[in-house]
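Participant: Generate a structure from the sequence data that follows.
(2 chains)
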Amino acid sequence: MGTPLLHVDAAVKRFGANTAVAGVSLELAAGEVVCLLGPNGAGKTTTLKMILGLETPSSGRVQVAGIDVAARSGDARRRMAYIPEQVALHEAFSGIENLRYFAALVGGSSHADDHLEACLERAGLQRDAWRRRLAGYSKGMRQKVGVAIALAKKAELLVLDEPTSGLDPKSASEFTSLIRNLAQGGAGVIMATHDLFRAKDMATRILILKDGRIVRTLDPNASTYRDVEEAYLGVFEGSE
Amino acid sequence: MNAIGIVAAHEWSAFFRRGAGWWMIVVVGVLGTLTVVGEFGGWAHEAPEREALGQTEADQWLGLGDTHIHEAAHRGYFLVRPAPAAVILDRGSLDFGGSAVWLEAHRRNSPRLRASDTAAMVSRAVPRGLGPVLLWLIPLLLALFLHGIVADERADGSLAFAVSSGAPPTSIVLGKAAAACGLAWAAAIPPMVLGGGLAVANGVNVPGAAAWGGTVLVGVGVFAVLVVVVSAAARTPLASLVTLLLIWFGMVLLVPKLAASATQVLAPIPSSQTIRSDAEAAVDQLDGTATQRRHLERLQDAGVRDPNPAAVSAMALESDAAALFARTFEPLETGMERQSRLLGLLAILSPIASADLASDGLLGVGDRAQFAFERRAESARIATHMALNEGWARLGDSDRGSPELWAEVVEVARARTRDIDGSTAGGPGLAGLGLVLWTLIATGGIRVAIRHVGRAA
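Facilitator: Okay, the predicted model is just below:
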């Protein structure tokens, strides 16, 4: 077996007396989609931040494609793409201009327009929006630009934080399909979400977090939507 | 293009899309151009007037006919300072010394040197001259238009997105700093080229004008970098704006004013009245016998058979008085030199004040240029009196002048004051050190900004 795309080994994160992540271990291979489920304060976002190198683990280790994130966060981030809940881009510029800027900045080199257009097309952003200023974009459209940035820099690992929060059902469905396609194309995806339905739809593995630990692992293919819901609620009602 | 260039190009484009770039260039361009046009117009109007006044004064002497020497010596003569073309760029300290000195052959008006703190922008609430206008206005516009250059992106989350996605914080900060400097210089350069071109075309030497311009650009460039640093460190765009406006107020208005006041308290100079009284009292004590003998021998060696004794006595007294007056200038000049140095040292607290004083010195409109005029005025007075008395000595028994004598006297006086204008480039003084220091501070600030940007996510 080769190096996993993502390897989190007993990662702990403390903020003073508060332990946000109490020891999370997981591995993710190319093509896998792992969803972190849990309520607010469960440690999902902190786990993602440790993966992105935005927080240094108090103990434990995080590696992306074999690169120690804490030691070489810049190198690690170049292998990843981050799509937060709100994809914040530059309002005065169009979709393609934002893509050109961020792709060049984070990818390390400029891209030809036809390559950028292909990324926007694959991300599902409608053509007539490409050259419109971002001020007129919906949340879903901004997310598609975020995905296009990931495509342009050929990110191996996608890190998503509540990506379907606030999206209408159609946009959420489009996004789900897009992520599935990217995973089928070889990208690894780790996603934090409250959305049990999307998690069941997208994931190859579901991890339920509570109090900073992974307390339950589910195989979505072997579970129904009801199973996922009951497993999730069972964790928090203590009826394990 | 590397990451810094990518950020700089993007930021530059953003300046103009959001309007800040256009506003800066237009406002600075218009005000700078109006300043240049106003100063050039004033200078162009003044130059022939001064020349005409100087000619009128000379004509007064030339029209004396056979007036008695002693009476002629009391007629007096306005030595008019040539209008320096450097004022097109910066009035510096030339503004306070007056434009003419009244010379009588054995008396002159008291030196009108005032404390060096009134020299430059440092004491003015409203700037005069292109240099002070640029140093006052560009930092203010940078604070108003660019305070959000990092803070806005932190507030809307795009900075966190960029850093989280792998954008190097170093490239982000350096790219923004380069773009901010670029905008400051783009706004400054057009009026500087206009003013510089006019000044050089009218006698200001190119190295002096170029050094003046470079110093002003360094000053506004340092402030542009400080804007990026403050914007990166501030919690919110509003905090960034308030902080930068306070910094502008401090650096452009408060520090120069406090430096000027402190200079007057810590390094006071004797009043010109005190100096004059002391000098006149000392002159009254002069004997002149030995000097008289020396002048007599010199005139006889030059072939003057019977030098007029009254003339020789007057020459001797003038020589001794000249030496005395040279010494009386010393406390004044020493005092002003001390003030100038202290002011330059205190101006280190502000890159804008440092740039202003340093650029004055480099253009030749600083204190040293004023000293030069006053010194030359005194030298002209002495030479005028000496020329008059030598002429008188050659007249033998006659006490009456002639057109040839008056022409000689006028030429001597003029020769001593030729080329007193901004063509003599000086040095930046201690204020230059201030600029170097602030460049280092700005560089250090970049590292602070990089740390803050790195934590933005």
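Participant: Quick check: chain neighbours aside, which residue is closest to residue B:194?
Facilitator: Excluding the flanking residues, the one nearest residue B:194 by Cβ to Cβ, 6 or more residues apart in numbering or on different chains is residue B:36, at 5.2 Å. In this view, the C-beta of every residue, glycine as well, is placed from N, C-alpha and C.
Participant: Helix or strand next in line after the helix or strand of chain B with the lowest mean pLDDT, which one?
Facilitator: Using mean pLDDT, DSSP states H and E, the weakest-scoring helix or strand in chain B turns out to be strand B:107-108, at a mean of 57. For strand B:107-108, the following helix or strand on the C-terminal side (DSSP states H and E) is helix B:130-146.
Participant: Could I get the buried residue list for whatever helix or strand comes next after that next one?
Facilitator: As assigned by DSSP H and E, the chain's next helix or strand after helix B:130-146 is helix B:148-156. Neighbour-count burial for helix B:148-156 flags B:148-156 (criterion: 16 or more other Cβ atoms under 10 Å in any protein chain shown).
Participant: What is the host helix or strand of residue B:362 packed up against?
Facilitator: According to DSSP H and E, residue B:362 maps onto helix B:351-363. Under the contact definition 3 or more Cβ pairs under 8 Å, 6 or more residues apart in numbering or on different chains; DSSP states H and E, helix B:351-363 sits against helix B:130-146, helix B:206-233, helix B:255-266, helix B:309-346, helix B:429-454.
Participant: again, only using 6 Å
Facilitator: Applying 3 or more Cβ pairs under 6 Å, 6 or more residues apart in numbering or on different chains; DSSP states H and E, one finds that helix B:351-363 makes contact with helix B:130-146, helix B:206-233, helix B:429-454.
Participant: Any idea which of those gets closest to residue A:135?
Facilitator: helix B:130-146 (19.5 Å; Cβ to Cβ).
Participant: In chain A, where is pLDDT below threshold?
Facilitator: In the predicted model, chain A carries pLDDT under 70 at residues A:1, A:108-110, A:238-240.
Participant: show me the contacts for residue A:143.
Facilitator: residue A:87 (Cβ atoms under 6 Å, 6 or more residues apart in numbering or on different chains).
Participant: Now do it against residue A:126, distance only.
Facilitator: Distance from residue A:143 to residue A:126, counting by Cβ to Cβ, to the nearest Å: 13 Å.
Participant: Can you give me the buried ones in the helix or strand where residue A:114 lies?
Facilitator: Following DSSP H and E, one finds residue A:114 within helix A:113-123. By neighbour count on 16+ other Cβ under 10 Å, the buried set for helix A:113-123 is A:116-117, A:119-120, A:122-123.
Participant: go on, stretch B:449-457?
Facilitator: B:449-450, B:452-454, B:456-457.
Participant: And stretch A:143-162, by the same measure?
Facilitator: So stretch A:143-162, judged by 16+ other Cβ under 10 Å, has buried residues A:143-153, A:155-162.
Participant: got it, and stretch A:75-83?
Facilitator: Result for stretch A:75-83 [16+ other Cβ under 10 Å]: buried residues A:76-83.
Participant: what's the straight distance from one end of stretch A:160-176 to the other?
Facilitator: Terminal residues of stretch A:160-176 are spaced 12 Å apart (Cα to Cα, to the nearest Å).
Participant: try stretch A:80-88
Facilitator: 17 Å.
Participant: can you list the domains in chain A?
Facilitator: A:1-79+A:157-240, A:90-155 (automatic domain parsing).
Participant: Dump those domains into TSV; add distance to residue B:85 as well.
Facilitator: Shown next, in TSV, are the domains of chain A (distance: least, Cβ to Cβ, whole Å):
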stretch	distance to residue B:85
domain A:1-79+A:157-240	54
domain A:90-155	44
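Participant: Go through those domains and name the closest to residue B:402.
Facilitator: Among the domains of chain A, domain A:90-155 sits nearest to residue B:402 (Cβ to Cβ), with 80.6 Å.
Participant: which residues sit against the helix holding residue B:362?
Facilitator: B:86, B:90, B:92, B:120-122, B:131, B:135, B:208, B:211-212, B:215-216, B:219, B:222, B:251-252, B:255-256, B:344, B:347, B:366, B:422, B:425-429, B:431-432, B:434-435, B:438.
Participant: Restricted to buried residues, select those in PyMOL.
Facilitator: Those of the contacts of helix B:351-363 that count as buried under 16+ other Cβ under 10 Å are selected in PyMOL with:
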select buried, chain B and resi 86+90+92+120+121+122+131+135+208+211+212+215+216+219+222+251+252+255+256+344+347+366+422+425+426+428+429+431+432+434+435+438
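Participant: just checking, next helix/strand downstream of the longest helix along chain A?
Facilitator: Longest helix in chain A by number of residues (criterion: DSSP state H): helix A:169-184. Downstream of helix A:169-184, the first helix or strand assigned by DSSP H and E is strand A:188-193.
Participant: low-scoring pLDDT stretches of the stretch 251-400 of chain B, where are they?
Facilitator: Residue ranges of the stretch 251-400 of chain B with pLDDT under 70: B:271-272, B:275-276, B:325-326, B:328-329, B:367-375.
Participant: Skipping adjacent residues, who's closest to residue 218 in space?
Facilitator: Picking chain A for this. Leaving out its chain neighbours, the residue that sits closest to residue A:218 by Cβ to Cβ, 6+ apart is residue A:206, at 4.2 Å.
Participant: actually chain B
Facilitator: Take residue B:218 and drop its neighbours on the chain: the residue closest to it by Cβ to Cβ, 6+ apart is residue B:435, 5.6 Å away.
Participant: measure the one you found to chain A for me?
Facilitator: 33 Å (Cβ to the nearest Cβ, to the nearest Å).
Participant: per-residue pLDDT, that residue?
Facilitator: Residue B:435 is assigned a predicted lDDT (pLDDT) of 93.
Participant: what do you get for residue B:96?
Facilitator: Looking at residue B:96, the pLDDT reads 48.
Participant: And the contacts of stretch B:291-299?
Facilitator: With Cβ under 6 Å, 6+ apart, stretch B:291-299 has contacts from B:307, B:312-313, B:315-316, B:319-320, B:393.
Participant: Just give me the closest of those residues to chain A.
Facilitator: Closest to chain A out of the contacts of stretch B:291-299 is residue B:319 (75.7 Å), distances taken as Cβ to the nearest Cβ.
Participant: which SSE is the closest residue to the closest one other than its chain neighbours in?
Facilitator: Using Cβ to Cβ, 6+ apart and skipping the chain neighbours, the partner closest in space to residue B:319 is residue B:291 (5.1 Å). Per DSSP H and E, residue B:291 falls inside helix B:289-301.
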